[in-house]
Structures are given as C-alpha cells and as structure tokens.
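[1] Pasting the sequence and the predicted model now:
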Amino acid sequence: MHTTAPEPRMPQRTNDLEPLLAAIETRLGELGQAMRAGDSTQVETAASALHRSLAQAANHFSRAANTGGVPSPLRRRFAAAGAQVAVQRESLARATASLDRAMDALMPGMGSRPATVYGANGLSGHDHSGGRAQA
C-alpha cells in the first residue's frame, strides 16, 4: 500500500502563528505607550506580558520552521517585531542611564560610584591620605 506524505499545513500554520504575532504587536504597543507615559508600573507589567508573548511565539515559530517553514509575510512581521523590541530596549537603556545621571547629580554618593564633593576645607571625598603629602 502506497501512502503519500501529508501536505504541509501552510494555511493552518498561518492561522496558528497569526494570533501569537498579533499578541506581540499589541504588547509592543502597550509597552511603548507605557514608556511614553512614564508609568513605571505599567512599563513593568507590559514588559512582562511582552516577554511571555515573545517566548510563546518563538517556541511556535521555531516548531513551524522545523516542520515546513513559516510564510514570508509572517517571518517579516516577526523580524519587524524583533527590531521594535531592540529599539524599545535601547530607549529604555537610555532613559535608565539618564535617570542614573540625574540621581548622581541630585544625590552624590548614592549612585553607582562614590562622588567627590567639596567641603568647608576644599575638596574632600576619596582622598584617604589624611591630608599628608605623599611622594
């Protein structure tokens, strides 16, 4: 008896992947909106939801790629979503660095590195020599 291999389920695979990709796109929009609003709680919530969506989609896209491929339009959308994640990550890193600099300026010594400050007798801070000149 001769059996033929089942044909690839391209339409079904597209239907399986489309909602996952749409969820990523929605989560990216939510994260962007939370970042623009400056709502740290919402940023954290949206970032966590995006992370879960990305992990789920990556798993399904990987399986689909191993069992016959992912349609080109979905691959392009997934790549575009990945690029948008990179842009938002960079934006968040810049905002964090800016906040760190502001905190260092407002509260010397509380940041990542000890600050050098001026006191009544001039420069003080990291010089632990006790005011003695050393050769």
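    Structure's in. What do you need?
[2] Quickly find the element holding Val70.
    Here Val70 is covered by no helix or strand, with elements defined by DSSP states H and E.
[3] Quick one, grab the pLDDT at the closest residue to it other than its chain neighbours.
    Excluding the flanking residues, the one nearest Val70 by Cβ to Cβ, 6 or more residues apart in numbering is Ala64, at 5.0 Å. Every C-beta, even on glycine, is put in place using the N, C-alpha and C of the backbone. Confidence at Ala64, expressed as pLDDT, is 86.
[4] same check, this time on Ser40
    86.
[5] And the longest helix belonging to the chain, what's buried?
    Ranked by residue count, the top helix of the chain under DSSP state H comes out as helix 72-106. Neighbour-count burial for helix 72-106 flags 74-75, 77-78, 81, 84-85, 88 (criterion: 16 or more other Cβ atoms under 10 Å).
[6] want to throw those into TSV with pLDDT and distance to Arg52?
    Formatted as TSV, the buried residues of helix 72-106 follow (pLDDT from 0 to 100; distance: Cβ to Cβ, whole Å):
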residue	pLDDT	distance to Arg52
Leu74	88	19
Arg75	88	21
Arg77	91	18
Phe78	89	16
Ala81	92	14
Gln84	92	17
Val85	90	13
Gln88	87	16
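[7] Nice, that's everything, thank you.
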